[in-house]
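Asker: Mind folding the following:
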Amino acid sequence: MRIRSDVWQLTRDHGDWPQVLVAYRSAVRAMRELDPPGGGPPVEPRSWRYQAALHGRNRPDGLPDTQNGWSACQHGSWFFLAWHRMYLLAFEMLVQRFLDDDEWSLPYWYAIDPDDPAKAVLPPAFRDATTTNTLFTGERSPEMNAGQPLEGLDFLGPALVASLADDTYTTDDGTGSFGGGRRDRPAYSGGEQGSLEDAPHGSVHVLVGGVITDDAGTPLRRGWMGQFDTAALDPVFWLHHANIDRLWQVWLEADATRTNPVEEMAWRDTRFSFPAFDGGTVSWTIAEVVDTEALGYRYDSVKPPSALRSAGRGGLESLQPGRAQARRPPEVVGAATGVAMASDATTTIGLSARPARGLESLDEPRRVLLRLEGITGSVCAPVYNVYLNLPENAVPADFPDRLAGTISTFGVAESSVRGREQEGTGVTKVLDITDLQGRLAAAGAWDAQAVSVRFEAVGPEAPAVLGDPGRRPPSRTADLRAARVVVVRA
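Answerer: Below you'll find the predicted structure:
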């Protein structure tokens, strides 16, 4: 049984360059030597850029390039976790062959560890800018490459805990889930993101990618990790996704009542294929990858964050009220359309004061959700904090108790482009505001007639340049917006 280990534990125990990363660097170098010189399209399936293209590669017009099985990554649906597990496993098998070492295993980078903020720093092996280090890239946040921690740990840690507290793997009623919304067929960008896909998955992507600027400091584009079509070019991508894969296991083991949707054929029987070292492909159905030990590996730790462990089962229910009860049809109690989500933008949503017929007779607690539908844009910040009912002219940071949640913008630009592989209608995110609504009501700060929603950017607003990296969007004006922002009782 191979063990995937915490890269920072290995680094702390064995110096700045643990052997697993020395070997990884050698494999990355060997794979890059198979890429054609001059930046032409990759042709060798074992090469570095070909492997990255499996995740995403754009044509000059910004649409995903799907030749050779490229741009096959699954986002915004219940296929997200399973596809990336297979992608990592196939990649790991390639590295083992390059190294002639069947025991080599991907380490994982637990970038947002609520119990150890020191792990939010990029491991030293990825920051060494010497020319022989194939784990370094300048197409990454300069702050991360300088050894600074991820921005926003004070709210990203709680966002991770909230994701792990989400008891439901998938839904089709828009009330949020851990693993993503149901879909009949795979999609490059499905639209309905699960809570884990947003935090910490998307947050780490966009914050590590950062913003690449010119000499005058003008934002030009996002770094590699910030876009679908370039993310897997950064060697740290694979360690980040090993941690996302681990958190799937953490979620399962945190509560014995949790299950994957293995009874649903559209999920269980879906198959994905990847290039094999000696030619041909390796492939799995999702049913074949739900058990990591059956695949030959496990993680050195699947212990959940202490904030989740200390809550116990009852604490999980208090974080997500009503999840243990029978699900009821959700009720929209207020909505606003065409909502600008740029920094400092505020919108007011009118609420229905009278509940739907029969709702008042239900005994079980009801959750209150804020659903952000159809988020689109090409110029935006990496992450946005969402606040409710801030006083007029308030500084959001002065009211952490009114933070409804955090959303990342990873994948928003790609989901805004219409093509055969996606509808172009953006992504949807759901925040559970039950606890916040209760606190506001208790403090007399909740108006039954209306709720105000404010968005606060974390990091600079910068363009996502889809397709040719030299191609710039016509405008640098922040354009992030939601087709609809809805308050839902569920």
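
Asker: So for the helix or strand harbouring Leu436, what gets flagged as buried?
Answerer: Following DSSP states H and E, one finds Leu436 within helix 434-442. Applying a neighbour-count criterion of 16 or more other Cβ atoms under 10 Å, one finds Thr434, Asp435, Leu436, Gln437, Leu440 buried in helix 434-442. Backbone N, C-alpha and C define where each C-beta goes, glycine included.

Asker: Run the chain-centre distance for that helix.
Answerer: Relative to its parent chain, helix 434-442 has a centroid offset of 27 Å by Cα atoms, centre = their mean, to the nearest Å.

Asker: next one: stretch 36-47
Answerer: Here the centre of stretch 36-47 is set off from its chain's centre by 28 Å, with Cα atoms, centre = their mean.

Asker: do the same with stretch 131-142
Answerer: Put simply, stretch 131-142 sits 22 Å off its chain's centre (Cα atoms, centre = their mean).

Asker: Quick one: end-to-end distance for it.
Answerer: Using Cα to Cα, to the nearest Å, the end-to-end distance of stretch 131-142 comes to 17 Å.

Asker: Next, the buried residues of that stretch.
Answerer: Along stretch 131-142, these residues count as buried under the neighbour rule (16+ other Cβ under 10 Å): Asn133, Thr134, Leu135, Phe136, Thr137, Glu139, Arg140, Ser141.

Asker: mind giving me a markdown table with the buried residues of helix 434-442 and columns for distance to Arg418 and pLDDT?
Answerer: Output for those, formatted as a markdown table (distance: Cβ to Cβ, whole Å; pLDDT from 0 to 100):
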| residue | distance to Arg418 | pLDDT |
| --- | --- | --- |
| Thr434 | 35 | 91 |
| Asp435 | 37 | 92 |
| Leu436 | 35 | 94 |
| Gln437 | 35 | 92 |
| Leu440 | 38 | 93 |
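
Asker: thinking again about what came up before, tell me the helices and strands packed up against the helix holding Leu436.
Answerer: Here helix 434-442 touches strand 368-376, strand 383-388, going by 3 or more Cβ pairs under 8 Å, 6 or more residues apart in numbering; DSSP states H and E.

Asker: Mind putting the ones you listed into JSON lines with mean neighbour count and mean pLDDT?
Answerer: Shown next, in JSON lines, are the helices and strands packed on helix 434-442 (neighbours: other Cβ atoms under 10 Å; pLDDT from 0 to 100):
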{"stretch": "strand 368-376", "mean neighbour count": "23", "mean pLDDT": "93"}
{"stretch": "strand 383-388", "mean neighbour count": "24", "mean pLDDT": "94"}
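
Asker: List the contacts of Thr134.
Answerer: For Thr134, the contact set (Cβ atoms under 8 Å, 6 or more residues apart in numbering) comprises Arg25, Val28, Arg29, Arg32, Pro235.

Asker: what about the helices in the stretch 151-300 of the chain?
Answerer: Taking DSSP state H, counting those that start in this stretch as the test, the helices found in the stretch 151-300 of the chain are 153-164, 195-196, 203-209, 236-253, 265-268.

Asker: picking up where we left off before, how about the helices and strands packed on helix 434-442 in TSV, adding distance to Pro186?
Answerer: Listed next are the helices and strands packed on helix 434-442 as TSV, based on distance: least, Cβ to Cβ, whole Å:
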stretch	distance to Pro186
strand 368-376	21
strand 383-388	27
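
Asker: Got the phi and psi for the residue nearest to Glu44 when sequence neighbours are not counted?
Answerer: Leaving aside its sequence neighbours, Glu44 sits nearest to Leu34 (Cβ to Cβ, 6 or more residues apart in numbering; 4.4 Å). With angles defined as degrees, to the nearest 10, Leu34 sits at phi -90, psi -10.

Asker: got it, and Gly39?
Answerer: Phi and psi for Gly39, reported as degrees, to the nearest 10, are phi 80, psi 20.

Asker: Downstream of the helix holding Leu436, the next helix or strand is which one?
Answerer: The C-terminal neighbour of helix 434-442 among helices and strands, as given by DSSP H and E, is strand 450-458.

Asker: That following strand to strand 383-388, inter-axis angle?
Answerer: Computed by axes from the mean of the first three to the mean of the last three Cα atoms, to 10 degrees, the angle separating strand 450-458 from strand 383-388 equals 160 degrees.

Asker: Which positions in strand 450-458 come out as buried?
Answerer: By neighbour count with 16+ other Cβ under 10 Å, strand 450-458 contains the buried residues Val451, Ser452, Val453, Arg454, Phe455, Glu456, Ala457, Val458.

Asker: What of stretch 19-39?
Answerer: Val20, Leu21, Ala23, Tyr24, Arg25, Ala27, Val28, Ala30, Met31, Leu34, Asp35.

Asker: For that stretch, the averaged confidence score.
Answerer: Averaged across stretch 19-39, the pLDDT comes to 95.

Asker: what sits up against that stretch?
Answerer: For stretch 19-39, using Cβ under 8 Å, 6+ apart, the contacting residues are 5, 7, 10, 42-44, 46-51, 94-95, 98-99, 101, 104-105, 107, 123, 125, 133-135, 235.

Asker: Quick check: the two most widely separated of the buried residues of stretch 131-142?
Answerer: Pairwise distances across these peak at 18.7 Å for Thr134 and Ser141 (criterion: Cβ to Cβ).

Asker: which residues touch stretch 284-297?
Answerer: Applying Cβ under 8 Å, 6+ apart, the contact partners of stretch 284-297 are 1-4, 79, 82, 85-86, 89, 105, 245, 249, 260, 262, 267-272, 298-299.

Asker: Equivalent analysis for stretch 237-247, please.
Answerer: Stretch 237-247 is contacted by residues 4, 7, 55, 81, 84-85, 87-88, 91, 106-111, 123, 160, 163-164, 196, 200-201, 204-205, 208, 224-225, 231-232, 292, 299, 302 when judged by Cβ under 8 Å, 6+ apart.

Asker: Averaging pLDDT per element, find the lowest-scoring helix or strand in the chain.
Answerer: Sorting the helices and strands of the chain by mean pLDDT, DSSP states H and E puts helix 306-319 at the bottom, at a mean of 56.

Asker: Tell me which of the contacts of stretch 237-247 fall in strands.
Answerer: If you go by DSSP state E, the contacts of stretch 237-247 have Arg4, Tyr299 in strands.
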